[in-house]
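Engineer: Please work out how this folds:
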Amino acid sequence: MSKLQANLLLFLAAAMWGFGNVPQKTILDHLDPLSAVGIRCLIGGLLVLPLFLRESRTSATPGFHPSLARVTVLFSVAITLQQIAYLGTSVTNASFLITTSTVMTPLMTWLLVGERLTVAIGLAGVLTLLGALLLAGGISGFGKGDLTVMLSAACYALWAVELGRHMQAYARPFTAMAAQFLGAAALALPLGLIQGNLSIATALDAWPQLIVLGLFSTAVPYGIQTIVQRFTAASHAAVIVSADSIFGALGAAFFLGERITPLGALGATSILAAIVYLTWPARLAQWVETFAIVVKSRPELRRWAISRQGWRPPAIGPVGRPPVIRPALRPGCRSGRMAVLIADVINGGRHERRHRTRVSGK
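Structural biologist: Numbering: from 1, shown residues only. So this is what the prediction gives:
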C-alpha cells in the first residue's frame, strides 16, 4: 500500500468518525456511557473475530503480547473517556476538542519514539487546532465534559504512537483490532452492568445507534487506522483523521439542527488546508513517478524531458550495462528536484545524488 492510499483511507475513516459523533450523543438517551462503549466494541470485535481467528494461526514473536496489551488499554481508556464526555458537552465541542490529539501526537511521538518534529507537521498541527477552534466559534470556558474530551485526546495520542510502533514491529492487524475491541468490551460491560442501566430493554431501544456505532464508527474506521498505520507516520495520521471535526459539524447541522457560522467555515477551510499541505508531498511523488515511467517509454517525451530538465545524453556506458542518466542542473533551475526524481525512475533506481554532477559512464 502506498502512502497516498493510506492517507485516503484515513480520510474515509475520519468521515465515519465524524458522522458517528451524532449517535454517540443520542445513544445516551437510552444507555449509560459504559454500556454504550461495551456493546459498541463488542459488535466491532465480533465482526473482526473471523479474520482474527484466521490470522492467529501464525506464532507470536517475543514482546508481542505486552505491546498488544498497552495498545488495548490505551484504546479502552480513550474511547471510554470520549463517550463519558458527551454527558457534559455538545457534539460540536466534542468533535473539535478531540482534534487536539493532532498537536499531542507529534509531541508524544517525539518523547516516546524520537521521531523528528518537522516544520510541515508542526504547521499542519497548528492549522488544524486553529481551524477546530474557529469551527467551534471559540471556547469561552471549559466544563467537566470539555476537560474529559481533552483527557481522551491525550490517550488517543498515546494510543496512536503505541499502535504505530506495534504495527511496524509485529503487523497482524486483525489481531490488534480484535484485542482492542473485545478488550474494551470486557472492561466496560461489567461496569455497565454494575453501575449503569444496561438491560435487554435499553439495548433494544438503542439498537439503531448501536449498529451505526459498532459497524461504521468502530469496526471499519478503527480497522482502517490499524491496518494503514504501518504505511504512514503516526503524526501524519493524527492530522488526517482530525478532519472528523468537519464531518461532525456537518452531521450535527443536519441531524441536530446546529448551524455553521462564517467563522466556522473558515475553520473548516483551515483544517482542509492542513490536510492537503501534509499529504501534498506524497501526491507529488506519485505524479512524478507516473510521469517518469511515461517519459521512459516514449522517445519523443524523453527528448523533451532532456531539453526541459537539463539532462544530457550519455557518451558511452560500461560494457553490459545501460548508461546512467544524471541530471545536469542548470544555474537557476527550479525543477532540479523533480529532474532528480524522474532520473531515478528512468535509471531504475541506480541514480546517485551528487551536487551538480554531469553524465558519466560510471
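
Engineer: Local confidence estimate at the most centrally placed residue in the chain?
Structural biologist: For the chain, residue 237 is the residue whose C-alpha lies nearest the centre (C-alpha atoms, centre = their mean; 2.7 Å). pLDDT recorded at residue 237 is 74.

Engineer: Quick one: residues contacting it.
Structural biologist: 10, 105, 160, 164, 225, 228-229 (C-beta atoms under 8 Å, 6 or more residues apart in numbering). For glycine as for every other residue, the C-beta is placed from the backbone atoms N, C-alpha and C.

Engineer: tell me the pLDDT at the closest residue to residue 74 other than its chain neighbours?
Structural biologist: Spatial nearest neighbour of residue 74, excluding adjacent residues (C-beta to C-beta, 6 or more residues apart in numbering): residue 159 at 3.9 Å. Note on residue 159: pLDDT of 89.

Engineer: same question, residue 291
Structural biologist: 58.

Engineer: Check residue 354 too.
Structural biologist: 42.

Engineer: Tally up the residues packed near residue 59, please.
Structural biologist: 6 (other C-beta atoms under 10 Å).

Engineer: Assign a three-state SS to it, would you?
Structural biologist: Following DSSP: H, G, I helix; E, B strand; the rest coil, residue 59 is assigned to coil.

Engineer: re earlier: enumerate the positions of the helix or strand the residue nearest to residue 74 falls within that are buried.
Structural biologist: Per DSSP states H and E, residue 159 falls inside helix 144-170. For helix 144-170, burial by neighbour count (16 or more other C-beta atoms under 10 Å) applies to 145-146, 148-150, 152-167, 170.

Engineer: likewise stretch 93-111?
Structural biologist: Those would be 93-106, 108-109, for stretch 93-111 by 16+ other C-beta under 10 Å.

Engineer: Ok, stretch 36-47 next?
Structural biologist: Neighbour counts over stretch 36-47 (16+ other C-beta under 10 Å) mark 36-45, 47 as buried.

Engineer: Of those, which belong to helices?
Structural biologist: The helices, defined by DSSP state H, take in 36-45, 47 from these.

Engineer: what's the burial count for residue 134?
Structural biologist: Residue 134 has 21 nearby residues by other C-beta under 10 Å.

Engineer: thought it was touching residue 267?
Structural biologist: Yes: in this structure, residue 134 is within contact of residue 267 by C-beta atoms under 8 Å, at 2.9 Å.

Engineer: which element is the residue lying closest to residue 35 once chain neighbours are set aside on?
Structural biologist: Spatial nearest neighbour of residue 35, chain neighbours left out: residue 192 (3.4 Å); criterion: C-beta to C-beta, 6+ apart. Using DSSP H and E, residue 192 sits in helix 173-195.

Engineer: Also residue 80?
Structural biologist: helix 64-85.

Engineer: Could you look up the next helix or strand downstream of that helix?
Structural biologist: Helix 64-85 is succeeded, C-terminally, by helix 91-97 (DSSP H and E).

Engineer: helices and strands around that next one, which ones?
Structural biologist: helix 3-26, helix 119-136, helix 144-170, helix 244-255 (3 or more C-beta pairs under 8 Å, 6 or more residues apart in numbering; DSSP states H and E).

Engineer: Which one of the ones you listed has the poorest average confidence?
Structural biologist: Across these, the lowest-scoring stretch is helix 119-136, with a mean of 76.

Engineer: List of residues touching it?
Structural biologist: So helix 119-136 is in contact with 92-93, 96-97, 99-100, 102-103, 106, 139, 235-236, 238-239, 242, 245-246, 249, 260, 263-264, 266-275, 277-278, 281, going by C-beta under 8 Å, 6+ apart.
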